[in-house]
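A.B. asks: fold the following.
(2 chains)
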Amino acid sequence: MLSRSAERLYWLARYLERTENIARQVNVHMNLLMDLPKDVEMGWQHLIQINGCKDAFYSRYSSTQERNVTRFLLTDTTHPGSLLSSLSFARENIRTSRELMPDEAWRQVNELYLYSNKQIDAITNRRSRVLFLNEILEGCQRFNGLLSGYMSHDNAYRFIRLGRNIERADMTTRILELGSILLSEARSPSARQYENILWMNILQSLNALLMYRRHVRSRIKDDDVLNYLLLDEALPRSVNCCLFEMADAIQSLPNHNQLPEKLAELQDYVKSIDTRQTTQTQLRVILDHLQSRLGVLHAQIAKHWFLNSTQDQYQSSSKTEEQNPA
Amino acid sequence: MSSIWENYKTDNAYDELMFAEYQPRAVSHTLCQYLNTLNREDIDKRKTAAELAILEMGITFTVYSDEGNIDRAWPFDIIPRIIDAREWKIINKGLKQRLTALNCFISDVYDQQTFIKENLIPQEIISSSKNFRKECVGIKPKHNVWANICGTDLVRDKNGVMYVLEDNLRVPSGVSYMLENRIITKRVFPELLQDIEILPIDDYPTQLHEMLCSIAPNPNGKPQIAVLTPGIYNSAYFEHAYLAQQMGAQLVEGSDLIVDDDDCVYMRTIEGHEKVDVIYRRIDDDFLDPEVFRKDSILGVPGLMRAWKAGNVALANAPGAGVADDKVVYAYVPEMIRYYLNEEPILPNVETYLCSNPDHLDYVLKHLAELVVKPANESGGYGMLVGPHATAKEVEAFRKVVIGNPRNYIAQPTLAISTSPTLCKNKLEPRHIDLRPFILQGENTFVTAGGLTRVALKKGSLVVNSSQGGGSKDTWIINMETN
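C.D. replies: Numbers count the residues shown, from 1 in each chain, chains lettered A, B, ... in the order given. Next up, the predicted model:
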């Protein structure tokens, strides 16, 4: 398999996972807004904050009102980290890897892209935005399902798994960061009583609420949720589980050299995080650190298998952003 | 219910489907009968379905000047163009004959040059051809075939005679659209395809694969085949990816390949370097190898010519094959057929005036406003003059260009090329068309059943290139005997 192809498939998976994750973030935020009472101050600026794109945002918009933030995150194609940009990068990567994928995979991504392009105006309206986000989530899931059922689980597939899980791990840390920020900013004691709702929404955004109830069997409380989303061994979106998936893929790839050890170190680090002992500020430092370690892991993967001489124009902007999270 | 045939008037040209108003030819009888059962609304629905399919399948071509949007949906007309299988049999034979003679000619040019020595073509035409590559002299590709893939453009004149307009021997494109057009037609007119016996075309990727295997340096085992593309910004990128996918070959760019000290070509893979045996290159000679041709090329592979000369890798088409893809050399193809094959040409050439010949030039300059004048080495319909459709100012401007570089121009009479019914705002109108069949030659020779029919969508226009407002149609070769 060509190094170039490996790189494209890896990025295809990352961009598609990112597309799905942006949809999840906006979804959870909208749900929180609807659940929390008016006196709990909760603006849209946190979404900008956790994605580490303040500068990019303020160079385009002056205030963090809903309209601006949703446009910036969802449909602004001048912002390389928006949902639509990610989807179009994913499409570009699959368009250039068609010889490695089932035809249906290309069509699925292409159709989702064509659909999204038609929804640019619709997202200003909350109701149609909800429909749009659902369509995106379902479309991305269809794609993953299609690959798992149609594609040989060969090296090409392993690079897709690798890209998907590194992006997924990164996003889970960002959603936890969102929870942590909101908690420490909920100044009034009256807001504190909504903590529960906050964590429920966080779980829901990662499709983990029912799983949490089944597996943790405790009432929803912050450090339990944090533990669950960081360390659980069965939940597909827990950081630990993503790392395990990556370790599994890397193990079967040729010339993996020192990578399994590097990944094991990262797994040990995650396991050593003790959420019961940390303040919200400390937690955010840990999450930031985790994000940069994922960035380092990405660089190692790239150095190992990709064609390092070339850097496609449409990828480089996001790659840089990737390595400098907040 | 208003008929989609309303006011269908065949003009001066030969119409592929209709004799005269409401009079279908024998080949198009079933199709016309079927179309008569559709009203404008029905046909509109099918057109929309086809457009949607094209978008979803992502059948695109790229136009450089389009900012921001690099790929455009492929313009497709749902009404097929039909040719009788009995006529096709002759055309098929003619195409094989032609490519065989062309390959004999190219081999000769890079070897003994007997054709030139016997004064059948002036030496300076070859030596001044920018596609003659002195680096290729003395090389003997497998089976003595230089042009393995050829796209020959055919047009039919007023009297129904099929002429060869040009032979594309460098990197002809369009075959993927031919294949996709059939897939769309199957989706849009499933009931129709059941009733008519149309020769299948979908074995092209298999034939291409077989041909490429047949030219591999080592015929034993499974050769590693790669399609070399200039990259996503090339107008035919879709096709490169499509063919690689259909053949199960690797799609590579120049930077994926390296030539090692052993003069072999390798791909950079996740497992290290892997040897490549056959390269179907979709990059022009000029950009193929910066060690030999253009030094500034970043699309090619340094050392590729070395590897090819050493016989360690096969290149299709062979470098230098373009020497026969020159509109001046074209004029000599009938003579090549007589000389090398001792046969009479089955398919006629269009009468051609060579501006390098003073008598011809004199005639061309006098009749500029009636002729089509083309540069010898361009493709894509660029840089040509269609006399009858040009303004007096354009004609005069072109006159200067021709006088400035006569070797680079040829002229042909403006043919009233044939028309075929084409859907224009939910009714049918005649539009001019041509046909590009694809011919493969390696150990064996293969011709596609039909080819890519291109249509000039603008009323009266004779320019069918997709980069200039052209579209395409599915092409049906119909077996009449069993229908």
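A.B. asks: so how far is chain B from A:S62?
C.D. replies: 26 Å (C-beta to the nearest C-beta, to the nearest Å). Using the backbone N, CA and C atoms, a C-beta is placed for each residue, glycine as well.
A.B. asks: could you chop chain B up by domain?
C.D. replies: Per the record, chain B has its domains at B:1-202+B:324-348+B:435-483, B:218-312, B:351-414, by automatic domain parsing.
A.B. asks: is chain A within reach of the second one?
C.D. replies: Yes - taking C-beta under 8 Å from any C-beta of the partner chain as the criterion, domain B:218-312 and chain A are in contact, through B:232, B:237, B:241-242, B:244-245, B:248-253, B:255-256, B:267-272.
A.B. asks: select only the buried ones of those in ChimeraX?
C.D. replies: Buried residues among those (16 or more other C-beta atoms under 10 Å in any protein chain shown), as a ChimeraX selection:
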select /B:232,237,241,242,244,245,249,250,251,252,253,255,256,267,268,269,270
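A.B. asks: the residues of domain B:218-312 next to chain A in helices, which ones?
C.D. replies: B:Y237, B:A241, B:Y242, B:A244, B:Q245 (DSSP state H).
A.B. asks: reformat those as CSV; add pLDDT.
C.D. replies: Putting these into CSV (pLDDT from 0 to 100) gives the following:
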residue, pLDDT
B:Y237, 87
B:A241, 90
B:Y242, 90
B:A244, 93
B:Q245, 88
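A.B. asks: how close does A:H153 sit to A:F159?
C.D. replies: 12 Å (C-beta to C-beta, to the nearest Å).
A.B. asks: looking at the two, which has the bigger crowd around it?
C.D. replies: A:F159 (28 against 13; other C-beta atoms under 10 Å in any protein chain shown).
A.B. asks: phi and psi next, for that one.
C.D. replies: phi -70, psi -30 (degrees, to the nearest 10).
A.B. asks: my read: it touches A:L9, true?
C.D. replies: Yes - in this structure, A:F159 is within contact of A:L9 by C-beta atoms under 8 Å, at 4.4 Å.
A.B. asks: let me see the contact set for B:Y8.
C.D. replies: Under the criterion of C-beta atoms under 8 Å, 6 or more residues apart in numbering or on different chains, the contact list for B:Y8 reads B:M18, B:E21, B:Y22, B:P421, B:K427, B:L428, B:E429, B:P430.
A.B. asks: give me the spatial nearest neighbour of the fifth one, chain neighbours excluded.
C.D. replies: Yep, that's B:K427 we're talking about. B:I4 (4.9 Å; C-beta to C-beta, 6 or more residues apart in numbering or on different chains).
A.B. asks: check the last one too.
C.D. replies: Nearest residue to B:P430 in three dimensions, chain neighbours excluded: B:T419, at 3.6 Å (C-beta to C-beta, 6+ apart).
A.B. asks: which parts of the stretch 101-250 of chain A sit against chain B?
C.D. replies: A:D103, A:W106, A:R107, A:N110, A:E111, A:L114, A:N155.
A.B. asks: number of nearby residues for B:G221?
C.D. replies: 9.
A.B. asks: again but with A:S82, I slipped
C.D. replies: 23.
A.B. asks: what residues are up against it?
C.D. replies: With C-beta under 8 Å, 6+ apart, A:S82 has these contacts: A:I22, A:F72, A:L73, A:L74, A:T75, A:D76.
A.B. asks: how about the last one, phi and psi?
C.D. replies: Geometry field for A:D76 lists phi and psi as phi -80, psi 110, criterion degrees, to the nearest 10.
A.B. asks: how close does it get to A:R129?
C.D. replies: Counting by C-beta to C-beta - A:D76 and A:R129 are separated by 14 Å.
A.B. asks: pull the longest helix from the chain.
C.D. replies: You didn't say which chain, so I picked chain A. helix A:3-35.
A.B. asks: oops, wrong one, chain B.
C.D. replies: helix B:85-109.
A.B. asks: how about it, which residues are buried there?
C.D. replies: Judged by neighbour count using 16+ other C-beta under 10 Å, the buried positions of helix B:85-109 are B:85, B:88, B:91-92, B:94-109.
A.B. asks: re earlier: dump the residues of the stretch 101-250 of chain A next to chain B to CSV, plus neighbour count and pLDDT.
C.D. replies: As requested, these are exported to CSV (neighbours: other C-beta atoms under 10 Å in any protein chain shown; pLDDT from 0 to 100):
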residue, neighbour count, pLDDT
A:D103, 12, 84
A:W106, 20, 91
A:R107, 15, 90
A:N110, 17, 92
A:E111, 17, 93
A:L114, 14, 92
A:N155, 21, 95
